[in-house]
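Asker: Here's a sequence, model it:
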Amino acid sequence: MNLVIHDMSQEEWKLIENDYAEWTVISDNGQIRPCVGCFQCWNKTPGICVMKDGFENMGQLIHRAGEVVVISRYTYGGFSGFVKNVIDRCLGYVLPQFEIIGCETHHKKRYDEIKAFTFIFYGHALSKEEQNSAKRYVRALCSNFRGYEKVVIFREDIQECLLPDTRPACSPGRTVLLIGSMRGLKGNSGKLAGRLAESLTHDPEIITIQSYIKDLNSLVSSLEDAETLVLCMPLYVDGVPSQMIRLMEHFEHNYRGGAKRVYLLANMGLYESCQLQSLFSAVSQWSAKMGFDYCGGLGISAGELLGELMVHIPFHIGATKKVAEGMDKLAKAINEKSAIADIFAEPYAFPRALYIAIANINWNRTVKANGLRPSDLYRRL
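Answerer: Prediction:
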């Protein structure tokens, strides 16, 4: 069995479908739901997503495929919203436990294989910088999926959406902290947004994408008068979560307001904050495409650990020290309506080996709480 994942329209697909005769085809039927970051594909139904919408077995399909081809419109350095949604739902293909590969923290393999991926990006004529951005992203994806890019192809045969060259300056308005996690205020993105809001002087408003997930155009409209937009989101499978990419796409097609200042507050579960660079690049590319001013951001690693520590110890003490310093700099920039260089913060004086050991032990505790055995984490389908 071979597998192709694509976001093309029916008319576009018909032009090439004979090239994939007898392949298993994954395309947008309008039913896919965004990953909610619940991790139950690891600790409750290992290898299978708990959301039953027809896309729950994506990890299993990748495992069984002899060849995997991903076809996507180039979107802010990576995949379109739909394709990224599919990739986000493949999390069960790997294990929750960490190990060090090439000086970086990555998830362990569930299957004894090194999967070959072919990536085909289409759209406008991509610059060398954009091509390198896409290659950097898929390389990171393959590292975490324990595969390799067989080939990366760029096509230039489909028209892109054209935006105005300039936008009118945004009049003084709201400061909005937009939480891009489907966990809303309960997740690490929500906790970090709450901490940031305490240091802001412009009476910020906190909005969750979760509240608008079925009507993203309404969210776009509600943000037209926002002068400052702070995107608060987690890293999902090496990039921007699919629901946020979809929102960015809706902005691209439907936004009619003026320019904005855009800041980023990102977090992830891996230890090395440098692995957030593709996400930062995507937000920067989107801002440039929209005619917005990207003003920098803060990237935080070891999110689950720091999220817990933030609740139980003072914010500027111990492992949260670097995060607190970065938060202060970000808040100052937002308050002063100025730009800063991107900041990447890791746990302070907290060894990576200890972080990995604690994380791996906690997964065993979690599956026991769900009525499973630790060995069930390694289930193969």
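Asker: drop to CA atoms for contacts and neighbour counts, all remaining ones
Answerer: Noted.
Asker: For the protein, just list every one of the strands.
Answerer: Taking DSSP state E as the criterion, the chain carries its strands at 3-6, 24-26, 68-73, 94-101, 104-109, 115-122, 147-154, 174-179, 205-208, 226-234, 261-267, 293-300, 343-345.
Asker: can you list those strands in JSON lines and add mean neighbour count, distance to A369 and mean pLDDT?
Answerer: Compiled in JSON lines, these are given as follows (neighbours: other Cα atoms under 10 Å; distance: least, Cα to Cα, whole Å; pLDDT from 0 to 100):
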{"stretch": "strand 3-6", "mean neighbour count": "20", "distance to A369": "35", "mean pLDDT": "98"}
{"stretch": "strand 24-26", "mean neighbour count": "15", "distance to A369": "34", "mean pLDDT": "98"}
{"stretch": "strand 68-73", "mean neighbour count": "22", "distance to A369": "35", "mean pLDDT": "98"}
{"stretch": "strand 94-101", "mean neighbour count": "19", "distance to A369": "16", "mean pLDDT": "94"}
{"stretch": "strand 104-109", "mean neighbour count": "19", "distance to A369": "22", "mean pLDDT": "94"}
{"stretch": "strand 115-122", "mean neighbour count": "20", "distance to A369": "32", "mean pLDDT": "96"}
{"stretch": "strand 147-154", "mean neighbour count": "16", "distance to A369": "32", "mean pLDDT": "94"}
{"stretch": "strand 174-179", "mean neighbour count": "23", "distance to A369": "29", "mean pLDDT": "96"}
{"stretch": "strand 205-208", "mean neighbour count": "17", "distance to A369": "30", "mean pLDDT": "97"}
{"stretch": "strand 226-234", "mean neighbour count": "24", "distance to A369": "25", "mean pLDDT": "97"}
{"stretch": "strand 261-267", "mean neighbour count": "25", "distance to A369": "26", "mean pLDDT": "97"}
{"stretch": "strand 293-300", "mean neighbour count": "24", "distance to A369": "28", "mean pLDDT": "97"}
{"stretch": "strand 343-345", "mean neighbour count": "22", "distance to A369": "32", "mean pLDDT": "95"}
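Asker: Identify whichever of the ones you listed lies nearest to K52.
Answerer: Among those, the nearest to K52 by Cα to Cα is strand 24-26 (15.5 Å).
Asker: from what I can see G190 touches I179, true?
Answerer: Yes: applying Cα atoms under 8 Å as the test, G190 and I179 come out as touching, 6.2 Å apart.
Asker: between those two, what contacts are shared?
Answerer: Each of C232 lies in contact with both G190 and I179 under the rule Cα atoms under 8 Å, 6 or more residues apart in numbering.
Asker: Nearest the middle, which residue of this protein would you pick?
Answerer: What sits nearest the mean C-alpha location of the chain, by Cα atoms, centre = their mean, is V240, with 2.5 Å.
Asker: Grab the nearest non-local neighbour of that residue.
Answerer: Nearest residue to V240, sequence neighbours excluded (Cα to Cα, 6 or more residues apart in numbering): L279, at 5.4 Å.
Asker: before we move on, what about R64?
Answerer: The shortest distance from R64 to any residue that is not its chain neighbour, by Cα to Cα, 6+ apart, is 6.7 Å, and that residue is M1.
Asker: quick one: low-confidence ranges for the stretch 51-200 of the chain?
Answerer: Counting by pLDDT under 70, the stretch 51-200 of the chain contains low-confidence residues at 157-166, 170-171.
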